[in-house]
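Enquirer: Show me how the following folds:
(2 chains)
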Amino acid sequence: MGRMTFWGSATMLKGAAFGLAMAAGVFVVQSGAEAAPKTALTVGMAVEPTGLDPTIAAPVAIGQVTWQNVFEGLTTIDKAGKVQPQLAESWQISPDGKTYTFKLRQGVKFHNGVAFDSAVAKFSLDRARGADSVNPQKRYFASIETIETPDAGTLVLKLKQPAGSLLYWLGWPASVVVEPKSAADNKTTPVGTGPFKFVSWAKGSKVDLAKNADYWNKSVSVKLDTAAFRFIADPQAQAAALKAGDVDAFPEFGAPELVKSFEGDKKLATVIGNTELKVVAGMNNTRKPFSDKKVRQALMMAVDRATVVDGAWSGYGTPIGSHYTPNDRGYKDLTGVYPFDAAKARALLAEAGFSNGFTFTMKAPQMAYAQRSSQILQAMFAEIGVTMNIETTEFPAKWVADVLKAADYDMTIVAHAEPMDIDIYARDPYYFNYKNSAFNDILAKVEATSDAAEQERLYGEAQTILANDVPSLFLFVMPKLGVWDAKVKGLWENEPIPSNVLTDVSWAE
Amino acid sequence: MTRALRRPVFLIGFVITLALFAVALLSLVWTPFAPAKMNIVHKLKAPFDFGFLGTDQFGRDVASMLMVGAWNSLSTSILAVALGASVGTSVGVIVAMRRGWLELVVMRGCDIIFAVPPILSAMMLGAFIGSGRFTAIIAIGTFMVPVFARLTLGAALQIWTRDYVMAAIGIGRSKTKITLVHVLPNISNQIIVQVTIQLGLAILTEAGLSFLGLGMPPPNPTWGRMLADAQTFLGQAPWLALLPGLAIAFAVLGLNMLGDGLRDLLDPRDN
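Expert: Numbering: from 1, shown residues only, chains lettered A, B, ... in the order given. Model (predicted):
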């Protein structure tokens, strides 16, 4: 065994020498090509998608490769998070809010040559809302009663009840338009209408895309000829790839503590933007003792959010008091509802009958933010006499099976990436097992109105209920730590929806 | 005693091992700070800047964590080796006593166990009973069983051919009695040497398991997890990786040197 270990280290040395030689080779090639403006871009991502069809599976990594690059929707969401027309040129909403008439764009072709028309749009929506649909946001299409196609350029949606967020939802990765013949194969060979065509996917390594010369939208000029997404899970390797130039951009760099190491490197730009990544410690609201609101409130008061941000994410992050981020419309700062106060927390816990504390298990995914946050929570709960055991639960497979689907857990911690997803607390079943009819009514009212100001007021009420009920411990919003070559222009600084839109990306000369 | 002092390998190994045990035992009664106490305001402080060996990313005292880590590492390893040595040695001497088809079956069984690395068996066990110290002990201990079984079988078979064993058989002593009175005492030196060397290996394996998150869960500090956590802080706080790395290296070095020294010291050919 001793000999085996030695052999292992010898192999590693050889590997390192080989790696150095490779890096040197790459450097020579790149400095040779520096003269001409580059038209190729390699984007790094930490998580490899499980497939390439965002309409059949939930992982955000799928949309981060394909959304707006390969696939497009009837509407889209721009960098500011606003709804914009895309394959639907314009629309009219009937006064009762129950009929949407879309005027579809003409002359749009899929990458396989098939023309886009109302029949294709109807097919996409029917596929997403059908009985056997596995669309991750299927409930967003539930309000649609019938879909009519009076002619090739018109699509009419008749709704059962008004759905104030429908246009926004139609812009999501899960709502993209797919073509009937190729739809079944989109998981491995995606075919869309976007500015980039799918070329190849080397599993475990990268996805290659190439410019779509026949792109319908002539108002944008796509500068990149090719784009590649490379998947590198380890933050150290991410940093090395960026420094070596193997990867041109890491829009979501994995380790905040390494971001400082890029300071002073003139070749790289560090861009800190907004995201929708809400880190929350969800609790099983039907399981004892979390079924007692006082216990949940006491645990919330045991948490010093600023310290969590500091310890888990090197101070990059904004504390939140509800399942809502400062960049969402109608945001209310509710971090003061149950602020950090260990003495009050202990008193409230005693009031709930747990003056001697209790013991429970945290199922924490392996990601650094989750592991670190849970260790900090563990220390904070210990201060009020509560013992938390940490059980690492592999994400996504085991976490999805045990926590998300089976709800077999006490507490967990995960970053919710979807924008404006406060409605997850109204879903039944959902892993929080949180049931509050007053909250559900408010969210139903949001959909019933199309008045933006009224919606924002209602979202404010919804946030306040959550901040008081504490179905989850609301911790912080992670920033988008973007690190990329200073010459790369046009990447989104903020992330109103998880994505890597490459349409406007170019290299400065 | 003077013979021992004249052997530097033995002496150095002995001193390092003694220091390791002393630190581990001291951590049970005293550490500079509470090892799990976070103080995020003082995170990532360099050695001597805050505390004796600095602080980690949560502001915990590295010196205290290393001390408790020594105890966690040693106690897990000792229990694992105790499990492996007792089961392995029993199997070895019983097989040496019985021989025949039993030898074939047990030794091939040992080959099978030996073929599965302890990290892999710990992962499989962890999937069934959850990872943690118990899993680590079982996994490492199981891996040690064939090591001791093979060693004792080989050594015991030699003893069984000795004249005094023949004489004992001649006067009608039972095989069990011969094993206890003649075989075990005469192979004990080799077992002791092996225990020392396997202890070093167990510490290394335990650190590997902890590094992969299969060891004792937080907040119990372990050297392996300290190393794993230090990875992304290598640029900012290199001591976070260097210190537990050195601790593991010294512990294994010390136990290996002690084992080698003991082997030389106890070798009958030298007497």
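
Enquirer: who's in contact with the helix-or-strand element of chain B with minimal mean pLDDT?
Expert: Within chain B, no helix or strand scores below helix B:2-5, which has a mean of 71 by mean pLDDT, DSSP states H and E. The contact list for helix B:2-5, computed with CB atoms under 8 Å, 6 or more residues apart in numbering or on different chains, reads B:10-11, B:261, B:265. C-beta coordinates here come from the backbone N, C-alpha and C atoms, glycine included.

Enquirer: among the residues you listed, which one has the lowest pLDDT?
Expert: Lowest in pLDDT among the contacts of helix B:2-5 is B:Leu265, which has 86.

Enquirer: A:Thr325 against A:Gly317, yeah?
Expert: No. With contacts counted by CB atoms under 8 Å, A:Thr325 stays clear of A:Gly317, the gap being 10.8 Å.

Enquirer: which neighbours do those two share?
Expert: With CB under 8 Å, 6+ apart, A:Thr325 and A:Gly317 have common neighbours A:Val477.

Enquirer: just to revisit the earlier point, so which of the contacts of helix B:2-5 are in helices?
Expert: Applying DSSP state H to those, the entries found in helices are B:10-11, B:261, B:265.

Enquirer: Narrow these to just the buried residues.
Expert: B:10, B:261, B:265 (16 or more other CB atoms under 10 Å in any protein chain shown).

Enquirer: which two from the contacts of helix B:2-5 end up farthest apart in space?
Expert: B:Leu11 and B:Leu265 (10.6 Å; CB to CB).

Enquirer: What strand or helix carries A:Leu224?
Expert: Using DSSP states H and E, A:Leu224 falls within no helix or strand.

Enquirer: give me the residue from the stretch 351-500 of chain A nearest chain B.
Expert: Across the stretch 351-500 of chain A, the shortest distance to chain B (CB to the nearest CB) belongs to A:Ala379, at 4.4 Å.

Enquirer: Kindly confirm my reading that that residue is in a helix.
Expert: Yes. Counting by DSSP: H, G, I helix; E, B strand; the rest coil, one finds A:Ala379 located in a helix.

Enquirer: Would you map the helices across the stretch 201-350 of chain A?
Expert: A:235-244, A:256-259, A:293-301, A:305-313, A:342-351 (DSSP state H, counting those that start in this stretch).

Enquirer: how about the first one: buried residues?
Expert: Okay, so that is helix A:235-244. By neighbour count with 16+ other CB under 10 Å, helix A:235-244 contains the buried residues A:235, A:238-239, A:241-243.

Enquirer: So which residues on chain B come close to chain A?
Expert: Proximity of chain B to chain A is confined to B:36-38, B:40, B:43, B:57-59, B:130-131, B:201, B:204, B:213, B:217-219, B:231-236, B:256 under the rule CB under 8 Å from any CB of the partner chain.

Enquirer: Select only the buried ones of the residues you listed in PyMOL?
Expert: Those of those that count as buried under 16+ other CB under 10 Å are selected in PyMOL with:
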select buried, chain B and resi 36+37+38+40+43+57+58+59+131+201+204+213+217+218+219+231+232+233+256
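
Enquirer: Give me the subset of the residues of chain B next to chain A lying in helices.
Expert: Short answer: the residues of chain B next to chain A in helices (DSSP H) are B:201, B:204, B:256.

Enquirer: And those residues, which is closest to A:Asp248?
Expert: Minimum distance to A:Asp248 across these is 40.0 Å, recorded for B:Leu204 (CB to CB).

Enquirer: Does the closest one touch B:Val252 like I think?
Expert: Yes. At 5.4 Å, B:Leu204 counts as touching B:Val252 under the criterion of CB under 8 Å.
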